[in-house]
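Participant: Below are the sequence and a predicted model for it; my questions follow.
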Amino acid sequence: MNANPVNQSDCPEVKVPVPLFLAIGVVSLAENLLVVVAIIWNRNLHSPMYCFICSLAAFNTIASLSKTWETLMIVFADVGQLEKTGSSVMKLDDVMDSLLCMSFVGSIFSFLAIAVDRYITIFHALRYHNVMTMRRTGAMLGIIWTTCGVVAVLMVRFFDSKFIMICFVAFFIISLAIICSLYVYMFMLARIHARKIAALPTSSGGRSRQQRWRGNSMRGALTLTILFGAIVVCWAPFFVHLIIIMVCPMNPYCECYRSLFQLHVVLLMSHSVVDPAIYAFRIAELRHTFRKMLLCSQWRRCS
């Protein structure tokens, strides 16, 4: 995916050292694999929300793997061990770009699924286990992964088309708008429900349990809001780059922004590093599981 045409302005292209790309790729790959293994291993985490978080981590793993492999290909090409123009290399590059697009689309869909799950958890708690069954969760994940695979292949195959690029940017903006609207609506309703609970003539013990349960659910929603903010910060510069290519490809000021393309890619890759750090900091059950896995203490499967 050539999102950085030749820079024809006076602004020199900012170069990021290859070791930095490799370091980010390796760290993010290790972190996200740790999240996937932790959720699969700990049966207490076998719930719809954690399944969606596992899916998000799996998409981040794919992104880390594809960018790390692409960086290694560039290193081999620079030392003369790989032809940059070979047909097999071009096909492999298309595969890497498809995986990267798939990871992005999958991250957005995963966030949307998590937002819906949190909404049902908070406002339809009594019907949650009837609505969000593991069977339906598996079906949703199957649809998400199949859709992402098809969309990624189409995007990379026809990315030179301005229509496809517009669709790619529009998908990003519309998805952000939908998820933001859902979270704003969720927090507004939560405040209304909190006031209603406070006004109920129930016992202090029952009221405190209701408030504690709702508080835990809202903390989970806040964690996912932070995760969503991370994807906005890390991916937005890249999409601004795409918009500039479409709107003002030859403008010198736009060319100066495009000279920062490698920094945008670093931000894009950093998203896969940030997510697991947020899990470890905000979600106690995952943090506890990480500690057990890393220290290998009181863990029956460790030998």
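Facilitator: Sure, I can see it.

Participant: how about residue 46, phi and psi?
Facilitator: Dihedral pair for residue 46: phi -90, psi 70, per degrees, to the nearest 10.

Participant: tell me, how many neighbours does it end up with?
Facilitator: Residues near residue 46, counting by other Cβ atoms under 10 Å, number 13. All C-beta spots, glycine's among them, are computed from the backbone N, C-alpha and C.

Participant: Equivalent analysis for the one 5 residues further on, please.
Facilitator: Residues near residue 51, counting by other Cβ under 10 Å, number 23.

Participant: give the contact list for it.
Facilitator: Taking Cβ atoms under 8 Å, 6 or more residues apart in numbering, we find residue 51 in contact with 39, 134, 137, 138, 141.

Participant: Can you get me a residue count around the third one?
Facilitator: Yep, that's residue 137 we're talking about. For residue 137, the neighbour count with other Cβ under 10 Å is 19.

Participant: and what of the first one?
Facilitator: Here the neighbour count serves as a burial measure; for residue 39 (other Cβ under 10 Å) it reads 23.

Participant: Quick check: it touching residue 53?
Facilitator: Yes. Counting by Cβ atoms under 8 Å, residue 39 does reach residue 53; the two are 6.7 Å apart.

Participant: Would you mind identifying the next helix or strand past whichever strand or helix holds residue 233?
Facilitator: According to DSSP states H and E, residue 233 maps onto helix 204-247. For helix 204-247, the succeeding helix or strand toward the C-terminus, using DSSP H and E, is helix 252-258.

Participant: Spatially nearest residue to the residue nearest the centre of the chain (excluding sequence neighbours)?
Facilitator: Of all residues in the chain, the one closest to the mean position by Cα atoms, centre = their mean is residue 107, 3.8 Å from it. The shortest distance from residue 107 to any non-neighbouring residue, by Cβ to Cβ, 6 or more residues apart in numbering, is to residue 59 (5.2 Å).

Participant: That neighbour against residue 111, yeah?
Facilitator: No. Assessed by Cβ under 8 Å, residue 59 is found out of contact with residue 111, at 10.2 Å.

Participant: Comparing the two, which residue is more hemmed in?
Facilitator: Per other Cβ under 10 Å, whichever of residue 59 and residue 111 has more neighbours is residue 59, with 26 against 23.

Participant: if I look at the nearest residue to residue 112 once chain neighbours are set aside, how far off is residue 27?
Facilitator: Nearest non-adjacent residue to residue 112, counting by Cβ to Cβ, 6+ apart: residue 179, 5.9 Å away. Here residue 179 is placed at a distance of 27 Å from residue 27 (Cβ to Cβ, to the nearest Å).

Participant: More neighbours: those two, which one.
Facilitator: Comparing residue 179 with residue 27 by neighbour count (other Cβ under 10 Å), the higher total belongs to residue 179, at 21 against 16.

Participant: Pull out the buried positions in the helix or strand where that one lies.
Facilitator: Element membership for residue 179, per DSSP H and E: helix 162-199. Buried residues in helix 162-199, counting neighbours by 16 or more other Cβ atoms under 10 Å, are found at 165, 168, 169, 171, 172, 175, 176, 179, 182, 183, 186, 190.

Participant: And the next helix or strand past the helix or strand harbouring the residue nearest to residue 107?
Facilitator: Per DSSP H and E: residue 59 is located in helix 48-78. Later in the chain than helix 48-78, the nearest helix or strand by DSSP H and E is helix 87-123.

Participant: tilt between that following helix and helix 48-78?
Facilitator: 160 degrees (axes from the mean of the first three to the mean of the last three Cα atoms, to 10 degrees).

Participant: can you tell me the average pLDDT over the helix holding residue 179?
Facilitator: In this model, helix 162-199 carries a mean pLDDT of 78.

Participant: Kindly report the same for stretch 276-289.
Facilitator: Here the average pLDDT along stretch 276-289 is 78.

Participant: Thanks again, I'm all set now.
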